[in-house]
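missing the sequence, but the structure's below:
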């Protein structure tokens, strides 16, 4: 059974505390109107948030990955993935998109597909029973999960209806916001679950 140092007690306290002002300010600045098409302004705030909640002195590290799909035509097409690793094994990840692209059905469909593809690419490296993920359009959040034993991803994929136009990635899926209490609470719960899961390894 691995031994966890005092930093994990500090993380537990952070889970119940209000989001510190330096993080609120970081997200608020990134969320300004002039930044709606620039996803890169959110990279720093999310990295700071993840290290704050997981603990700077813990065994968790954030790996950054930037993929440029063959179909990319503009900066917002870059797939930015921040993977949280524990002892070099993935335990959670977040993908970040520009806020303005959220209104575009095809961009939400693309984001949903990319989350599922990332689960597929990481599943052979898992040592935990499941791995959660977050799809972020700016501060809007959607939560996903992959269970290793069943290879099930939730929420379930919505198949394309070839007769009627249907939403395969409905806007309601991104029903949390990191700057709102419910969104922060949900993210904190996901992270606490990951920390608890890793303590049992």
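Received it, and whenever you're ready, just let me know what you need. This is a predicted model, so every value here is computed, not measured.

please tell me how far the residue of the chain most remote from its centre sits from residue 188.
Most distant from the centre of the chain: residue 163, at 32.9 Å, with distances by C-alpha atoms, centre = their mean. Going from residue 163 to residue 188 by C-beta to C-beta, to the nearest Å gives 42 Å. The C-beta positions use only the backbone N, C-alpha and C, and glycine is treated the same way.

so which residues of the chain form strands?
In the chain, the strands defined using DSSP state E lie at 60-67, 79-86, 89-97, 130-137, 140-147, 152-154, 176-177.

walk me through which strands the first one pairs with, and which way each runs.
Neighbouring strands of strand 60-67 in its sheet, by DSSP bridges, are strand 79-86 (antiparallel).

ditto for the fourth one
For strand 130-137, the paired strands and their directions (DSSP bridges) are strand 89-97 (parallel), strand 140-147 (antiparallel).

what pLDDT, on average, does it get?
Strand 130-137 carries an average pLDDT of 98.

count the neighbours of residue 192 for me.
Neighbours of residue 192 under the rule other C-beta atoms under 10 Å: 16.

thought it was touching residue 92?
No - contact criterion C-beta atoms under 8 Å: residue 192 and residue 92 do not qualify, at 11.3 Å.

quick one: low-confidence residue ranges for this structure.
1-14, 16, 69-76 (pLDDT under 70).

how close does residue 37 sit to residue 97?
From residue 37 over to residue 97 (counting by C-beta to C-beta), the distance is 10 Å.

who has more neighbours, the two?
Higher neighbour count among residue 37 and residue 97: residue 97, with 26 against 13, using other C-beta under 10 Å.

the closest residue to that one other than its chain neighbours: what's it in contact with?
Sequence neighbours aside, residue 137 is the residue nearest to residue 97 in space, at 4.7 Å (criterion: C-beta to C-beta, 6 or more residues apart in numbering). Contact analysis of residue 137 by C-beta atoms under 8 Å, 6 or more residues apart in numbering lists 97, 98, 99, 101, 102, 108, 111, 174.

before we move on, the earlier item: tell me which of the strands paired with strand 130-137 is the most buried.
strand 89-97 (a mean of 23; mean count of other C-beta atoms under 10 Å).

distance of residue 196 from residue 53?
Distance from residue 196 to residue 53, by C-beta to C-beta: 13 Å.

can you pick out the most distant pair from the contacts of residue 137?
The largest separation in the contacts of residue 137, counting by C-beta to C-beta, is between 98 and 174 at 13.2 Å.

the residue lying closest to residue 126 once chain neighbours are set aside: neighbouring residues, count only.
Spatial nearest neighbour of residue 126, excluding adjacent residues (C-beta to C-beta, 6+ apart): residue 148 at 5.3 Å. Residue 148: 14 surrounding residues under other C-beta under 10 Å.

for residue 148, give its distance to residue 157.
Residue 148 is 18 Å from residue 157, by C-beta to C-beta.

also residue 60?
Taking C-beta to C-beta, one finds residue 60 at 29 Å from residue 157.

in the protein, which spans are helices?
7-16, 21-30, 43-54, 105-122, 181-199 (DSSP state H).
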